[in-house]
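[1] for reference, the sequence and a predicted model appear below.
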Amino acid sequence: MKAIRVNITSFISDDQPGFVECKFNDAWDNEHVVQDKAPILTDKYLDANSTYPQDGVIACEIITQWNDKDGRTICTVTTLTPWAVYTIHDLTEFDILEEQLIERTEW
């Protein structure tokens with residue numbers, strides 16, 4: 001399964017199982033903010049006393065991919081699949097540079 005690399009920037013809620021905020025930039029350098037359950041974004045145990053930022057990932061599915069005029073490989077991805085992850089602005093589809101994607105193994 002593919003995943004977008006993100007920076008987990010803060011712990012935002014003790015509600016079970018713990019909620020964190022993360023950020024990533026798309027291929028056009030627009031910043032996106034996601035607030036979700038910590039176990040969706042990382043296999044590490046995080047709480048209010050953890051050190052931030054932390055590395056994390058958002059699982060996604062590639063919709064299409066192409067090369068732009070600068071030769072960069074850009075992937076349009078959706079975070080609706082597999083776990084319905086939305087940004088704070090309710091976005092689920094992004095253009096991401098190929099190097100921002102990794103293969104996410106189940107944890």
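    Happy to help now that I have it. The structure displayed is predicted, hence computed values, not measured ones.
[2] can you show me the strands along the chain?
    Using DSSP state E, the strands of the chain run over residues 2-13, 19-25, 31-37, 54-67, 73-78, 93-97, 101-103.
[3] the shortest one pairs with which strands, parallel or anti?
    Read that as strand 101-103. strand 2-13 (antiparallel) (DSSP bridges).
[4] quick one, the strand it pairs with and strand 31-37 angle?
    Interaxial angle, strand 2-13 versus strand 31-37 (axes from the mean of the first three to the mean of the last three Cα atoms, to 10 degrees): 70 degrees.
[5] what's strand 2-13 in contact with?
    18-24, 34-35, 38, 41-42, 46-48, 50, 52-62, 77, 79, 94, 96, 100-104 (Cβ atoms under 8 Å, 6 or more residues apart in numbering). C-beta: built from backbone N, CA, C; applies to glycine.
[6] what does stretch 88-104 give?
    Residues contacting stretch 88-104 (Cβ under 8 Å, 6+ apart): 1-5, 24, 26-28, 32-35, 57, 59-60, 62-63, 65, 72-80, 84-86.
[7] and it, how far out from the chain middle?
    6 Å (Cα atoms, centre = their mean, to the nearest Å).
[8] kindly report the same for stretch 98-107.
    That offset, for stretch 98-107, works out to 10 Å (Cα atoms, centre = their mean).
[9] buried ones in it?
    By 16 or more other Cβ atoms under 10 Å, the buried positions in stretch 98-107 come out as 100-101, 104.
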